[in-house]
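Engineer: model this:
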Amino acid sequence: MPSQPSKTLETFENPQQDRDFTIRIRVPEFTCLCPKTGQPDFAELTLEYIADKLCVELKSLKMYVWSYRDEGAFHEAVTNQILNDLVAVTQPRFMRLTADFNVRGGIYTTVVAEHRAEGWEPAPAVNLP
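Structural biologist: Below you'll find the predicted structure:
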């Protein structure tokens, strides 16, 4: 049976819970519908996060992203909704979602939404020569 879109996000245990490490996921084919015209909007999503106890499972993320294909949504709303849903299931130390939308009416839109767990502080940046 072929896969179906789904709003269910699955997780698995972070294999290195004692270390802050960055997980970066690119989703180059995100689509939703313009809530005003019903025409398709296309974006590349970049998810960056530092997991705590759980990581998002990629196939479920793929089906979740697919579930927006036929939904009307403003860029700002859909970006924040996706971040909220991912934070709810993974409870990360830090998460950033960047939604880089293709041109619509001569205007490009990029929306960046972030979450930080209460009390979490990033390690100082390391600059190598």
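
Engineer: so what's residue 1 scoring on pLDDT?
Structural biologist: The confidence metric pLDDT takes the value 55 at residue 1.

Engineer: and the one 10 residues further on, by the same measure?
Structural biologist: Per-residue confidence at residue 11 stands at 98 (pLDDT).

Engineer: for the closest residue to it other than its chain neighbours, give me its contacts.
Structural biologist: Nearest residue to residue 11, sequence neighbours excluded (Cβ to Cβ, 6 or more residues apart in numbering): residue 54, at 4.1 Å. Any C-beta I mention is one placed from the backbone N, CA and C, and that applies to glycine too. The contact partners of residue 54, by Cβ atoms under 8 Å, 6 or more residues apart in numbering, come to 11-14, 89-92.

Engineer: swap in residue 78?
Structural biologist: Neighbours of residue 78 in contact, by Cβ under 8 Å, 6+ apart: 32, 68, 71, 99.

Engineer: how about TSV for those, with distance to residue 50, pLDDT and neighbour count added?
Structural biologist: Below are the contacts of residue 78 laid out as TSV (distance: Cβ to Cβ, whole Å; pLDDT from 0 to 100; neighbours: other Cβ atoms under 10 Å):
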residue	distance to residue 50	pLDDT	neighbour count
32	27	97	24
68	25	97	20
71	29	95	13
99	19	98	25
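
Engineer: dump these into a markdown table; add secondary structure and distance to residue 77 as well.
Structural biologist: Output for the contacts of residue 78, formatted as a markdown table (DSSP: H, G, I helix; E, B strand; the rest coil; distance: Cβ to Cβ, whole Å):
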| residue | secondary structure | distance to residue 77 |
| --- | --- | --- |
| 32 | strand | 10 |
| 68 | coil | 11 |
| 71 | coil | 10 |
| 99 | strand | 11 |
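
Engineer: max pairwise distance over those: which two?
Structural biologist: Farthest-apart pair in those is 71 and 99; separation 14.2 Å (Cβ to Cβ).
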